[in-house]
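Engineer: Build me a structure from this.
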Amino acid sequence: MKKIGIVGGLGWRSTVEYYSEICRRAEKWHAARQLTGTPSTPEIVIESLDLARSLALHGRDGDEESWQRFDEYHRGAFRRLELAGAEVSVMASNGPHHRFDEIVRGLEMQ
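Structural biologist: From the prediction side, this is the model:
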């Protein structure tokens with residue numbers, strides 16, 4: 001099972017939902033195969049960002065340079081997840097997804 005990274009905090013309720021759903025699905029997978037013993041759940045690491053800081057770093061659409069600090073703030077979270085051993089990751093927030101390609105550029109994990 002791969003170690004999962006979650007960039008959260010920007011929508012903390014979404015972070016909780018992602019974590020809960022991953023664990024629920026692992027338990028369902030275990031039950032569907034009628035396996036005995038304690039269900040195995042994936043290792044999960046969460047990098048929680050500050051919503052206020054993220055919003056303060058927002059750039060202006062059409063001005064790529066204005067987004068550099070925003071992108072780097074979020075990219076840093078993914079880098080820390082990589083360093084923690086995460087092999088795959090998700091971002092538990094809709095807001096930054098319009099910058100997702102720029103944020104994950106140069107990262108190794110999926």
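
Engineer: alpha carbons only for contacts and neighbour counts from here, please
Structural biologist: Fine.

Engineer: tell me the mean pLDDT for stretch 28-46?
Structural biologist: Taken as a whole, stretch 28-46 carries a mean pLDDT of 93.

Engineer: Flag every buried residue along that stretch.
Structural biologist: 30, 41, 44-46 (16 or more other C-alpha atoms under 10 Å).

Engineer: Straight-line length of it, end to end?
Structural biologist: 22 Å (C-alpha to C-alpha, to the nearest Å).

Engineer: wait, what's in contact with D50?
Structural biologist: 9-10 (C-alpha atoms under 8 Å, 6 or more residues apart in numbering).

Engineer: Just the ones of the buried residues of stretch 28-46 in strands?
Structural biologist: Those of the buried residues of stretch 28-46 mapping onto strands are 44-46, per DSSP state E.

Engineer: Give the full set of residues in contact with E65.
Structural biologist: G59.

Engineer: Who does the nearest residue to S89 once chain neighbours are set aside form a beta bridge with?
Structural biologist: Distance criterion C-alpha to C-alpha, 6 or more residues apart in numbering; nearest residue to S89, sequence neighbours excluded, is G5 at 4.3 Å. Residues in a beta bridge with G5, per DSSP bridges, are V45, S89.

Engineer: Could you report the neighbour count for G5?
Structural biologist: 27 (other C-alpha atoms under 10 Å).

Engineer: doesn't V45 make contact with it?
Structural biologist: Yes: using C-alpha atoms under 8 Å, G5 is in contact with V45, at 4.9 Å.

Engineer: Overlap of the contact sets of the two?
Structural biologist: Common contact partners of G5 and V45 (C-alpha under 8 Å, 6+ apart): 81, 86.

Engineer: quick revisit: could you export the buried residues of stretch 28-46 as a markdown table, including distance to D101?
Structural biologist: Output for the buried residues of stretch 28-46, formatted as a markdown table (distance: C-alpha to C-alpha, whole Å):
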| residue | distance to D101 |
| --- | --- |
| H30 | 34 |
| T41 | 29 |
| I44 | 23 |
| V45 | 22 |
| I46 | 20 |
